[in-house]
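[1] When you get a sec, could you give me coordinates for this:
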Amino acid sequence: MNTEQIVRTFIEYYEERGHRRITGSTLLPPPGDPVLFTTSGMHPLTPYLEGRPHPLGKRLVNVQRCLRTTDLEEVGDATHLTVFEMLGTWSLGDYEGPLSLDWGYGLLTDGFGIDPRMLHVTVFGGDDRTGPDTASQELWQDRGIPVELTVEDNWWSNGPTGPCGPDSEIFLWTGDTPPESTPTRDDRWVEVWNHVMMRHRRLIDGSLVPLPQRNIDTGLGLERLASLLQGRTSVFECDVFGPWRHRVPLLWPLDESSLRLVCDHLRSAMVVIGDGARPGSTGRGYVLRRLVRRVLTVLWRDDPSRGLGDLPNELIQHSLDRFRQEVDRDDVRRVLLDEERRFSRLLERGRQVLARPRFRGPLDDEDFHYLHDTHGLPRDIVMSLRPE
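    Numbers count the residues shown, from 1 in each chain. Take a look at the predicted model:
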């Protein structure tokens, strides 16, 4: 299955079970929201999870683009992306966890053709605040799927306060041997789907109170599922990245880790720009700036003549089309090139400043503060320019 077929199969499966498709939001939360970017499918639905009636009813399904800055340092491995698409379903005070898990099992095995013997799940084992999730455990045992009980790994929250609850995570075996061990002890088990029984609200003092309604919130990473269904060893080898893996190595010869970072960060930067963000020194503008500058640092490390102006229009348009963004690709290119010029000037100024006698020895915190406050040189830029 390619990604479009996966999305269609997912949406139709849940529409047949009474879910209404809702339009995914942009990466930029509404004004006043303290979160920089939409990090999960549930984020735009928080008011409805807390009790407000949704105009389309109690059963919802969608595809939501997400950005997680917490995964930046992990990009380059087999499973993490900065910007990705999340397939999601919700029950707003309607059905409970066992039915959600049963439907999920049916979709994975019948809809996507996954051998049940390749599955393993984790379930919340209980702590001093709430008891174990015996209903989920019994459902999986009835289906013959092995269960591992955990505590911290199976409690989901979107922050220090707000909606939260126990979850059950579904893992798929990716090893070359028959399945062995458990998800917490063997990373060949890859998480594909999380079903959250969102029943509580965590208050600022850490205590839990019941939500007005008992919800279900599920999230399934599209690119990760696609790579597994397509028999690939990483998300960067699924069909979504086909044009990138074909064109980028022809432009810039890179090792595999660098290739993955460049493809991920450029694709993510394009989508963030397409949703209206612009590079800046704070907030989401800084995240965008960091994405672009990490790409340029990798490209210029081996060849300073490389530049983003070499990017083919095909890759910009592919990213905008993939995330259903109706913006001019030339505008996206202009933003990227403006940031490239700004970064190039900053590096040149940094080289001149660091060539001064004062900075030829080891640098202390006072030096780093001075370089940042007076010359606009962040610590990471200074360290990249220091000859070692």
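[2] Count the residues that sit near the residue nearest to residue 314 when sequence neighbours are not counted.
    Among residues not flanking residue 314 along the chain, residue 243 sits closest, at 6.2 Å (CB to CB, 6 or more residues apart in numbering). C-beta coordinates here come from the backbone N, C-alpha and C atoms, glycine included. Around residue 243 sit 17 other residues, with neighbours defined as other CB atoms under 10 Å.
[3] Pull out the buried residues from stretch 47-64.
    Within stretch 47-64, the residues that count as buried by 16 or more other CB atoms under 10 Å are 48-50, 54, 58-64.
[4] Endpoints of it, how far apart?
    Stretch 47-64 has its terminal residues 17 Å apart, counting by CA to CA, to the nearest Å.
[5] which regions of the stretch 251-388 of the chain sit below the pLDDT cut-off?
    Low-confidence segments of the stretch 251-388 of the chain, defined by pLDDT under 70: 387-388.
[6] Let's see that with 90 instead.
    Residues of the stretch 251-388 of the chain meeting the criterion pLDDT under 90: 281, 297, 301-302, 304, 347, 349-351, 353-355, 357-362, 364, 367-388.
[7] The host helix or strand of residue 135: which residues count as buried?
    Element membership for residue 135, per DSSP states H and E: helix 134-143. By 16+ other CB under 10 Å, the buried positions in helix 134-143 come out as 136-137, 139-140, 143.
[8] neighbouring contacts of that helix?
    Under the contact criterion CB atoms under 8 Å, 6 or more residues apart in numbering, helix 134-143 has outside partners 96-98, 101-102, 105, 116, 121, 123-124, 146-147, 149, 166, 168, 195, 197.
[9] swap in stretch 200-215?
    49-51, 90-93, 96, 129-130, 157, 160-165, 197-199.
[10] can you pull the buried residues of stretch 31-51?
    Buried positions in stretch 31-51, judged by neighbour count with 16+ other CB under 10 Å: 36-45, 48-50.
[11] Out of these, flag the one nearest to residue 323.
    Set against residue 323, the nearest of the buried residues of stretch 31-51 by CB to CB is residue 38 (11.9 Å).
[12] residue contacts, residue 100?
    For residue 100, the contacting residues are 89, 91, 195, 216, 218, by CB under 8 Å, 6+ apart.
[13] confidence score at it?
    In this model, residue 100 is scored at 98, pLDDT.
[14] which SS state does it fall under?
    Three-state call for residue 100 (DSSP: H, G, I helix; E, B strand; the rest coil): helix.
[15] what does residue 89 give?
    Using three-state DSSP, the structure places residue 89 in strand.
[16] Let me know how buried it is, in neighbour terms.
    26.
[17] how much space between it and residue 272?
    According to CB to CB, to the nearest Å, residue 89 stands 26 Å off from residue 272.
[18] go on, residue 323?
    10 Å.
[19] Over to residue 380?
    When residue 380 is compared with residue 272 (using CB to CB), they lie 20 Å apart.
[20] Between these two, which is the more surrounded one?
    Between residue 380 and residue 272, counted using other CB under 10 Å, the more crowded position is residue 272 (28 against 12).
[21] Now name the helix or strand holding the more buried one.
    helix 256-274.
[22] picking that back up, turn the buried residues of helix 134-143 into JSON lines, including pLDDT.
    Shown next, in JSON lines, are the buried residues of helix 134-143 (pLDDT from 0 to 100):
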{"residue": "136", "pLDDT": "97"}
{"residue": "137", "pLDDT": "97"}
{"residue": "139", "pLDDT": "98"}
{"residue": "140", "pLDDT": "98"}
{"residue": "143", "pLDDT": "97"}
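[23] circling back: the buried residues of stretch 47-64 into JSON lines, with extra columns for pLDDT, secondary structure and distance to residue 375?
    Below are these laid out as JSON lines (pLDDT from 0 to 100; DSSP: H, G, I helix; E, B strand; the rest coil; distance: CB to CB, whole Å):
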{"residue": "48", "pLDDT": "93", "secondary structure": "helix", "distance to residue 375": "48"}
{"residue": "49", "pLDDT": "91", "secondary structure": "helix", "distance to residue 375": "47"}
{"residue": "50", "pLDDT": "88", "secondary structure": "coil", "distance to residue 375": "47"}
{"residue": "54", "pLDDT": "96", "secondary structure": "coil", "distance to residue 375": "51"}
{"residue": "58", "pLDDT": "97", "secondary structure": "coil", "distance to residue 375": "56"}
{"residue": "59", "pLDDT": "98", "secondary structure": "strand", "distance to residue 375": "56"}
{"residue": "60", "pLDDT": "98", "secondary structure": "strand", "distance to residue 375": "50"}
{"residue": "61", "pLDDT": "98", "secondary structure": "strand", "distance to residue 375": "51"}
{"residue": "62", "pLDDT": "96", "secondary structure": "strand", "distance to residue 375": "46"}
{"residue": "63", "pLDDT": "96", "secondary structure": "strand", "distance to residue 375": "44"}
{"residue": "64", "pLDDT": "95", "secondary structure": "strand", "distance to residue 375": "40"}
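[24] Please identify the one among the buried residues of stretch 31-51 that lies nearest to residue 376.
    The nearest member of the buried residues of stretch 31-51 to residue 376, counting by CB to CB, is residue 36 at 21.7 Å.
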